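In: Sequence first, predicted model second:
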Amino acid sequence: MFQEMQDHPLQQASETNVWYPFDGPGEWSLAKFLVENLSQMQIDKFLKLDWTRERPQFKSKDKLFFYMQQLPRRGLKWQCTKLRLKGYESEQPIHLIWRDGLEVMKQLFANPIYAKHMCYNPHYIYQGQEHQIGEFWTLDDAWEIQNQLPEGATIIPIIAASDKTPVTRHMGGLEMHPLFLTIGNIQADVHMKATSHAWRCTAFMPIPTFIINSDFQALLRSCLWHKCMDLVCSNLKIAARVGEYMVDPSARMHYYTYTLIQQLCDRVDPWDLIVFLREAKKLHLSGVHLPYWRNWRHSNPARFLMPEILHTLHKFFFDHVLKWIKQIMGHELDIRFKSHHKCTGVHHFLGGVSHVNQMTGREHRDIQRTIVPMLWGMASPGFIRAVRAMIDFIYLTQNPLHTESSIASMNQALKDFHDNKQGGAKDDFFIPKLELMQSFTCAISHVSSLMQWTADVSERLLITHCKHPFKRTSRQRDFVLQITHILDREETIRQFDLYTLLSSSLSTPGQDPLINAVIMEDEEITSTTETDPAFAWVSNTNPAAQLRLQAPRPVRNHFLKGIVSGNAQIAFNVTVKADRNRLGVSQLQSLYDIADLSYALHHYATRNGCTLPGQVLFNTWVKFRLQLHSTFHTCRIMPSQQIHADPPSTNFPRGNCNTMLYNQTVDGGSDESRVTQVRIIFQPTLPQGSRAQVPECLSQVLVYVQHFDFVAPGPEPSTGMWMVRQSYAQYPPQSDRIIPVYQGPLGRDVNSGNSQEVFDDYFLNNFADKELYHSLSVMSEN
């Protein structure tokens, strides 16, 4: 790709100045900032300021955009095609603005940025004796298709996302309907991030108004959409047929569906909408007689139209389950959400949830985290079981990896919901989304993990590729064409940024990108895979240039410099400088209100075969970071979590201390799970000038914790959660992993500041996050 950019007509000028036609990196950075952030009118105003009289060399927006057009690029040309439907006129001419789907695929496949994030061959992964289903390449279907290809060929799965979105508010009524494409060769954890730029805007579908009865507007638009898809994907279909000589099993169902459509077209004129639509519904067909997938090899709508988590599960929860909960709990639901302790990273519903008519997917997930224990004391056990079963199903569906056991757990969770649903506030359960859930487990065996197909990415792309660019247009009738120019410039800027970084490194002695890529390959840490792939690639090929490239904040790897546990599975990290220095034992006991601290220190030292020095002092921290490996991908490092251990203060009279779940080895070599609250983070030290030494067992950063006792030997049946009770009741836990066991309506004096202080028992909330959910599920099984 970059070789084609080097063959640009202005390459000779670029040999002396890689930023040509700009005079250097400073002017290029300014030009990029202006184009990406300001409208054309604002750019002109800026360039007329006295401050810009001498520099830059472009003095107007026209000159700036002319320079942008001269940049070397490997972009794909947009086309505008006029369309019409036979026998039906529209109020305005119908124009499809599009790029060739096959060329988009080639550009993505050849992009070196994704070189370390690509997969080309089907493979099997086993967890014990069970087949592990992750991405498409781990499926039997991938092997069946691969076996039909000639030697040396590989599969390129095409992933498409399309949705209609308004770009104006309150007035104007302007809408856009983009089509985004990516390829399944790119790893799911990369193409699921909108910041990875792994998706390409390939077409803007027309949204015409036909001169016909409004009852048939949707059908004609569907026919037009399929016609547009047929045009955009025509070369992809040809590519799918080349070298193919054997019909695969999935094509049989595809053929049968299209055979029904053909037989119907032989009997009824498909453009006689009234009669054709009536007959089509009898056969459970949509009424579109030329579906775009009709002549596409290996395409089967029963398989490639996979279940979608955001709109099926999260929207079902908001539209139905949460509505039933509101009817049963009434105003008490809002009171409990308002009183819930505030936690970092979790939305706190200050006004409750009953009055909210629309939420983001993030807010749906935050409600699902705590809704099950919120029901305790107000809803019947059967209803709690039904809600818990639905949340179980939602969490299990989002697993990035599946086995036969996890699929069986999904089926069991859905069965539990149906077994207990009659105990709620609804009798009629004929809900299409609920019926669609029956197909989820079957879909996993054909399209792999459903989480990689979630619409969260496409919803974000609608904002970055439609709504934000629209603000920079003149908002006239040709706004779609203006947006394509804006998207072209953004793509050119990204490519030129990488081109200049690599070109400048080639001119620097000792900076050979290919050599650096080989040297850095073994040193690569997990954190780079969690960032933008362009940033990770540049950090390998030219480490010195990565500071000039903007990218999402990387995941810091605390396993490199932090305190690592004995089994190398946990990393602890504190700042180099302590928050409080050189405190005596009595000061520490008074500050944190812990009377037995001195005894606990001596007991710990004695148990480890050492003695606590007489003049020992302590440095303390109010927080530390805890980092774990993923329970699903054990080689992947998760973002660190912040654990607080604040002493009592005005805002937190009894301290602000988080809870942790950990395993410890007990006598006999078995593991025992414990829930604890971190009270102090400290490190023993000695007064200046002292010749004594701190024993090795006391030289590390230590934590003082207080345990919770499990109330029962197993989870509470209706919630499926373990109940715990504090051994030291005067210190309330502060965490979304510990939820109070409500015994009835809350009093008016309970709020988010004291809600954790007025209860004796707590639920260990296994829905706090997906990693904890998986860990507690394993613990419950054991």
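Out: On my side now, so go ahead. Numbering: from 1, shown residues only.
In: just checking, what packs against the lengthiest strand in the chain?
Out: Using DSSP state E to define each element, the chain has its longest strand at strand 671-685. Other elements packing on strand 671-685 under the criterion 3 or more C-beta pairs under 8 Å, 6 or more residues apart in numbering; DSSP states H and E are helix 585-592, strand 617-621, strand 641-646, strand 656-657, strand 659-665, strand 702-710. Placement of C-beta: from N, CA and C, glycine included.
In: Tally up the residues packed near Ser590, please.
Out: A count of nearby residues for Ser590, using other C-beta atoms under 10 Å, gives 14.
In: ok, now how distant is it from Asp579?
Out: According to C-beta to C-beta, to the nearest Å, Ser590 and Asp579 sit 16 Å apart.
In: give the contact list for the nearest residue to Leu375 once chain neighbours are set aside.
Out: In space, and not counting its chain neighbours, Leu375 is closest to Ile384: 4.9 Å by C-beta to C-beta, 6 or more residues apart in numbering. Residues in contact with Ile384, defined by C-beta atoms under 8 Å, 6 or more residues apart in numbering, are Val372, Leu375, Trp376, Ser718, Thr719.
In: Next: Glu771.
Out: Leu628, Ser630, Thr631, Phe632, Met638.
In: let's see it at 6 Å
Out: Thr631 (C-beta atoms under 6 Å, 6 or more residues apart in numbering).
In: So for the helix or strand harbouring it, mean pLDDT?
Out: Per DSSP states H and E, Glu771 falls inside helix 770-781. In this model, helix 770-781 carries a mean pLDDT of 74.
In: where's Asn121, which helix or strand?
Out: Using DSSP H and E, Asn121 falls within no helix or strand.
In: Output the lowest mean pLDDT helix or strand found in this protein.
Out: One helix or strand of the chain scores below all others by mean pLDDT, DSSP states H and E: helix 513-521, with a mean of 38.
In: Surely Gly457 touches Thr195?
Out: No Gly there; residue 457 is Val. No: Val457 is beyond contact range of Thr195, at 10.0 Å (criterion: C-beta atoms under 6 Å).
In: Comparing those two, which shows the higher neighbour count?
Out: Val457 (23 against 15).
In: Need the three-state assignment for that one.
Out: Three-state assignment for Val457 (DSSP: H, G, I helix; E, B strand; the rest coil): helix.
In: swap in Cys80?
Out: Under three-state DSSP, Cys80 comes out as strand.
In: I'd assumed Ile97 was in contact with it.
Out: Yes: Cys80 lies in contact with Ile97 (C-beta under 6 Å); the separation is 5.3 Å.
In: More neighbours: which of these two?
Out: Using other C-beta under 10 Å, the more surrounded residue of Cys80 and Ile97 is Ile97, with 19 against 12.
In: ok, now how distant is the nearest residue to that one once chain neighbours are set aside from Leu481?
Out: Here the nearest residue to Ile97 in space, its sequence neighbours aside, is Phe204; by C-beta to C-beta, 6+ apart that works out to 4.6 Å. From Phe204 across to Leu481, the span is 9 Å (C-beta to C-beta).
In: what about the two, which has more around it?
Out: Phe204 (24 against 16).
In: and that one, backbone torsions?
Out: phi -120, psi 110 (degrees, to the nearest 10).
In: ok, and for the longest helix seen in the chain, which residues are buried?
Out: If you go by DSSP state H, the chain has its longest helix at helix 479-506. For helix 479-506, burial by neighbour count (16 or more other C-beta atoms under 10 Å) applies to 479-484, 486-505.
In: re earlier: pick the most buried one from the helices and strands packed on strand 671-685.
Out: Highest mean neighbour count among the helices and strands packed on strand 671-685 (mean count of other C-beta atoms under 10 Å): strand 656-657, with a mean of 22.
In: and for that one, what are the contacting residues?
Out: His644, Ala645, Asp646, Gln677, Val678, Arg679, Gln734.
In: Same check on stretch 120-140?
Out: By C-beta under 6 Å, 6+ apart, stretch 120-140 touches 119, 142-143, 146, 154, 157, 184, 188, 401-404, 448-449.
In: and the end-to-end length of that stretch?
Out: Distance between the two ends of stretch 120-140: 15 Å, counting by C-alpha to C-alpha, to the nearest Å.
In: pLDDT of it, averaged?
Out: What stretch 120-140 shows for mean pLDDT is 86.
In: Can you give me the buried ones in it?
Out: Buried residues in stretch 120-140, counted by 16+ other C-beta under 10 Å: Pro122, Gln132, Ile133, Gly134, Glu135, Phe136, Trp137, Thr138, Leu139.
In: Just give me the closest of the residues you listed to Pro533.
Out: Nearest to Pro533 among the buried residues of stretch 120-140 is Glu135, at 16.2 Å by C-beta to C-beta.
In: Distance of the closest one relative to Asn656?
Out: According to C-beta to C-beta, Glu135 and Asn656 sit 41 Å apart.
In: ok, now Phe417?
Out: From Phe417 to Asn656 the distance is 37 Å (C-beta to C-beta).
In: For Glu332, give me its contacts.
Out: Per C-beta under 6 Å, 6+ apart, neighbours of Glu332: Met378, Pro745.
In: can you do 10 Å?
Out: By C-beta atoms under 10 Å, 6 or more residues apart in numbering, the contact list for Glu332 reads Gly352, Met374, Leu375, Gly377, Met378, Tyr742, Gly744, Pro745, Leu746.
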